[in-house]
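Asks: All I have is the shape, not the residue letters:
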């Protein structure tokens with residue numbers, strides 16, 4: 001499916017041409033309209049409200065004596081907590097006695113099932129998970145080769161059969177094309193066995209790549225022989241693949257944030273290789289999400305103990321050149337394996353977990369989790385450092401009890417505001433907002449779509465999004481006002497969720513002070529569109545103001561019915577209050593990301609002018625109403641013989657109508673008649689209206705109608721003149737009267 005889009009970013013008040021459409025204005029309706037009511041004064045907006053947010057930082061500390069047994073009887077006064085060398089006040093203190101639950105009687109070991117996402121109110125699950133280990137078995141199917149996956153699955157089954165204790169609540173999650181929960185936190189071994197048994201080698205695995213072996217002195221590079229005439233540079237693929245893995249771990253941590261207490265994610269993988277600085281932002285985001293959610297990653301290299309074979313094993317083609325004889329190939333194999341483990345070690349150390357490499361028995365990782373989580377103290381504090389700079393904050397814990405060992409997370413990444421975002425952070429913000437199921441409403445946004453037929457089965461779906469200028473934060477520079485916006489839209493198949501098209505544009509607006517003052521009470525409009533075929537789609541649109549970082553999203557279900565060539569059908573009815581000239585403006589600069597093929601002719605462009613959809617459906621009495629729609633006629637009907645008119649309903653009562661008029665344009669090849677009707681809004685009294693468009697094929701039995709909705713506001717009333725008070729005798733200029 002080919003995606004195309006036409007784009008316009010319009011300054012609604014300044015760039016309007018004010019010209020009428022090619023079709024003649026209609027005569028005044030015959031039905032008399034009552035005078036407009038007096039509009040009530042609009043109350044002044046309330047004053048600005050300053051809001052401050054604080055975040056509770058949770059640090060889990062495992063305290064053991066010289067024999068390795070947990071120490072349970074410590075109090076809050078036994079600990080002192082520092083952040084970057086400054087003492088912090090401990091606001092939360094609790095002890096989770098997991099060892100006690102392991103020895104509990106049968107009456108206390110009832111079946112427990114807790115959603116991986118917790119509950120809306122964490123206190124509702126607090127009692128059910130108290131004194132228990134929360135373990136997630138996370139299988140990275142994108143990197144696990146079939147032998148590694150089978151080894152990991154067997155280790156998980158052995159854990160459930162032999163090592164799982166009454167204190168363990170275990171969940172199972174797989175990551176392939178998407179994150180897929182297979183089992184919620186539960187102590188039901190049968191349910192866990194069934195979930196683990198679903199893991200099998202398949203299409204979602206084997207995204208790992210073989211890196212080339214560097215040449216040593218006097219030889220040339222050696223890489224796998226694939227018998228291909230051309231081997232593409234897979235650096236960009238690796239960047240995307242690594243970010244995808246890290247984003248999945250970030251997403252899992254965000255989901256687990258709804259469950260109180262410490263969570264352990266035991267990740268089975270065949271490594272995650274970073275590609276320079278490109279993945280650094282996503283790695284930091286993953287560790288930051290884990291620390292906020294009190295999640296520790298225990299990473300397991302499922303490849304186990306490996307023996308390197310010069311030139312590679314039988315799963316890859318033999319290399320060429322002399323590097324395999326000089327030892328360069330072996331060094332490269334060792335280096336590549338180590339590179340794939342560095343990220344695993346970073347994730348584990350920065351989240352208070354551990355990394356496991358070269359294990360002959362993967363079950364040893366479960367033993368370590370049990371030892372580390374036999375009991376722990378949970379300390380919480382509100383940082384005195386309110387800067388949102390995204391920097392690493394060092395945490396140091398001191399204790400007064402001698403002879404004990406304390407293991408705790410030694411730091412976290414501070415939250416980061418938009419002013420400290422890097423380019424990677426900004427891209428990740430858009431990706432997260434597009435993937436999130438929750439709407440973003442920091443930026444007010446109104447959106448309208450329509451459907452117009454093109455040749456064949458294709459239809460054009462224009463998108464119009466309006467942003468109120470008063471809600472934007474313009475930067476003032478050298479007598480002008482500047483702002484920058486990112487717009488993104490994505491269309492997915494409603495049934496499968498498969499992406500079918502995307503838009504992405506960055507737009508800069510530069511206004512002189514005079515134009516800005518004229519424009520500040522109006523709105524900005526973004527126009528784009530997709531070419532689709534009949535079907536059901538989900539549209540998600542995003543707008544971000546790059547000065548403030550505020551984001552607004554809008555989701556809509558698109559239902560495009562297949563065409564019926566045997567009857568007369570209508571497009572969406574678009575309402576507008578202005579036209580703009582088609583062309584570029586020095587005040588607006590557009591940068592489109594990705595390939596986009598412009599349409600030869602957009603249905604919204606007429607005689608060098610573009611129809612600007614009203615979007616909100618609200619008009620005032622000083623505007624002109626433009627109504628635009630198309631009629632698609634059967635092959636045996638001449639589109640030039642089509643006629644259309646408007647009928648206005650208010651409160652279910654027919655209050656006005658227009659005469660039937662011929663089309664403004666008629667296309668005999670596509671059997672399309674385009675109607676553009678205009679009339680002054682002042683001919684309608686203030687109120688809400690239903691507009692019914694009626695189209696007939698003269699001399700035939702074909703007819704069709706469609707509806708649109710609008711509201712008319714009364715024109716603002718001039719302020720009443722207060723009569724001057726009579727002058728007092730002390731201030732009068734008249735001479736005093738004579739006696």
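Replies: Structure's in. What do you need? Note that the coordinates shown come from a computational prediction; the quantities given were computed from them, not determined experimentally.
Asks: rest of the way, CA atoms for contacts and neighbours
Replies: Will do.
Asks: Show me the helices in the protein, by range?
Replies: Using DSSP state H, the helices of the chain run over residues 98-102, 123-129, 146-158, 189-197, 235-256, 280-292, 323-326, 328-350, 363-372, 423-435, 513-519.
Asks: Which among the ones you listed is found nearest to residue 570?
Replies: Ranking these by proximity to residue 570 (CA to CA) places helix 423-435 first, at 32.3 Å.
Asks: pLDDT below threshold where in the stretch 501-650 of the chain?
Replies: 582-601, 606-607 (pLDDT under 70).
Asks: In terms of residue numbering, what are the domains of the protein?
Replies: 8-33+421-713, 56-97+375-414, 111-210+235-306+340-374 (automatic domain parsing).
Asks: Okay, now the unreliable bits of the protein?
Replies: Residues of the chain meeting the criterion pLDDT under 70: 1-54, 104-109, 119-123, 202-240, 274-278, 305-339, 582-601, 606-607, 716-739.
Asks: Out of the helices of the chain, which is the most enclosed?
Replies: helix 280-292 (a mean of 23; mean count of other CA atoms under 10 Å).
Asks: so what secondary structure elements neighbour it?
Replies: helix 235-256, helix 328-350, strand 411-413, helix 423-435 (3 or more CA pairs under 8 Å, 6 or more residues apart in numbering; DSSP states H and E).
Asks: Including distance to residue 603, could those go into CSV?
Replies: Below are the helices and strands packed on helix 280-292 laid out as CSV (distance: least, CA to CA, whole Å):
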stretch, distance to residue 603
helix 235-256, 37
helix 328-350, 52
strand 411-413, 51
helix 423-435, 29
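Asks: closest to residue 65 out of those?
Replies: Nearest of the helices and strands packed on helix 280-292 to residue 65, taken as CA to CA: helix 328-350 at 22.6 Å.
Asks: Skipping its backbone neighbours, what lies nearest the spatially most central residue of the chain in space?
Replies: The centre of the chain sits closest to residue 433, judged by CA atoms, centre = their mean, with a distance of 1.7 Å. Of all residues not flanking residue 433 in the chain, residue 440 sits nearest, at 7.2 Å (CA to CA, 6 or more residues apart in numbering).
Asks: all strands for the stretch 451-600 of the chain, in order.
Replies: For the stretch 451-600 of the chain, the strands defined by DSSP state E, counting those that start in this stretch occupy 452-453, 459-468, 475-477, 480-493, 499-512, 523-532, 535-545, 551-560, 569-570, 574-581, 588-592.
Asks: Need those in a markdown table (columns: distance to residue 279 and mean neighbour count).
Replies: Output for these, formatted as a markdown table (distance: least, CA to CA, whole Å; neighbours: other CA atoms under 10 Å):
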| stretch | distance to residue 279 | mean neighbour count |
| --- | --- | --- |
| strand 452-453 | 42 | 22 |
| strand 459-468 | 33 | 21 |
| strand 475-477 | 31 | 12 |
| strand 480-493 | 22 | 19 |
| strand 499-512 | 22 | 18 |
| strand 523-532 | 31 | 21 |
| strand 535-545 | 23 | 21 |
| strand 551-560 | 23 | 18 |
| strand 569-570 | 49 | 22 |
| strand 574-581 | 43 | 23 |
| strand 588-592 | 24 | 14 |
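Asks: quick one, which of those is nearest to residue 127?
Replies: Between residue 127 and the strands of the stretch 451-600 of the chain, the tightest spacing by CA to CA is seen for strand 551-560, at 37.1 Å.
Asks: on that earlier part again, residue 574 is nearest to which of the helices of the chain?
Replies: Nearest of the helices of the chain to residue 574, taken as CA to CA: helix 513-519 at 23.8 Å.
Asks: name the helices or strands packed onto that closest one?
Replies: When contacts are defined as 3+ CA pairs under 8 Å, 6+ apart, helix 513-519 packs onto strand 480-493.
Asks: quick check: angle from the strand it packs on to strand 535-545?
Replies: Interaxial angle of strand 480-493 relative to strand 535-545 (axes from the mean of the first three to the mean of the last three CA atoms, to 10 degrees): 160 degrees.
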